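>>> Generate coordinates for the sequence data below:
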Amino acid sequence: MDPLLEQVQLISQDYQMLERGHTVLVAVSGGADSMALLHMLWQLREPLALQLCVAHLNHQMRPNATDDARFVETTARHLGILCICDTRDVPTYHRQHKLSPEDAARRLRYAF
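Model (predicted):
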């Protein structure tokens, strides 16, 4: 087993993060960190008997946000994982509710 993958598995066991047979919802932005996490969990799915599901929220805060959503969906499909995607208009929400963009994004993400 890859040393990094082995480390992830050991840490997840030590902290009881992943239990055998559980379904894991993986929040994936399309960035390097979340894509690496998705691929690590995908590699651990058989040894830990995990069911994976990907969740992606397009916050509409960046010009290429739609491309990120497509990338996440395509990757999930390629890996054979269910992908749940949604889009929320964070810029409008943050203006209407007088919130910072970060707070507005967090609230809509948690609601998703």
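
>>> For this structure, which segments count as strands?
All strands of the chain, identified by DSSP state E, fall at 23-27, 51-58, 82-87.

>>> most packed of the ones you listed?
Among the strands of the chain, ranked by average contacts under mean count of other CB atoms under 10 Å, first place goes to strand 51-58 (a mean of 19). Where C-beta positions appear, they are placed from N, C-alpha and C, glycine not excepted.

>>> Would you list the strands that that strand pairs with, along with their directions?
Using DSSP bridges, the strands paired with strand 51-58 in its sheet are strand 23-27 (parallel), strand 82-87 (parallel).

>>> can you redo the strands of the chain as CSV with distance to Glu102 and mean pLDDT?
Converted to CSV, the strands of the chain look like this (distance: least, CB to CB, whole Å; pLDDT from 0 to 100):
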stretch, distance to Glu102, mean pLDDT
strand 23-27, 16, 97
strand 51-58, 14, 98
strand 82-87, 18, 98
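
>>> wait, which of the ones you listed is closest to Ser12?
For Ser12, the closest of the strands of the chain is strand 23-27, at 10.0 Å, according to CB to CB.

>>> returning to that earlier point: reformat the strands of the chain as JSON lines; add distance to Ser12.
Shown next, in JSON lines, are the strands of the chain (distance: least, CB to CB, whole Å):
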{"stretch": "strand 23-27", "distance to Ser12": "10"}
{"stretch": "strand 51-58", "distance to Ser12": "13"}
{"stretch": "strand 82-87", "distance to Ser12": "21"}
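
>>> contacting residues for Gln9?
Neighbour list for Gln9: Met1, Leu44, Pro47, Leu48 [criterion: CB atoms under 8 Å, 6 or more residues apart in numbering].

>>> quick one: which of those residues is nearest to Thr87?
Leu44 (29.6 Å).

>>> Excluding chain neighbours, what is closest to the closest one?
Nearest non-adjacent residue to Leu44, counting by CB to CB, 6 or more residues apart in numbering: Gln9, 5.9 Å away.

>>> returning to what we had before: of the strands of the chain, which approaches Phe71 most closely?
Nearest of the strands of the chain (CB to CB): strand 51-58, 9.2 Å.

>>> For Leu4, give its distance to Met40.
8 Å (CB to CB, to the nearest Å).

>>> Fine, thanks again, bye for now.
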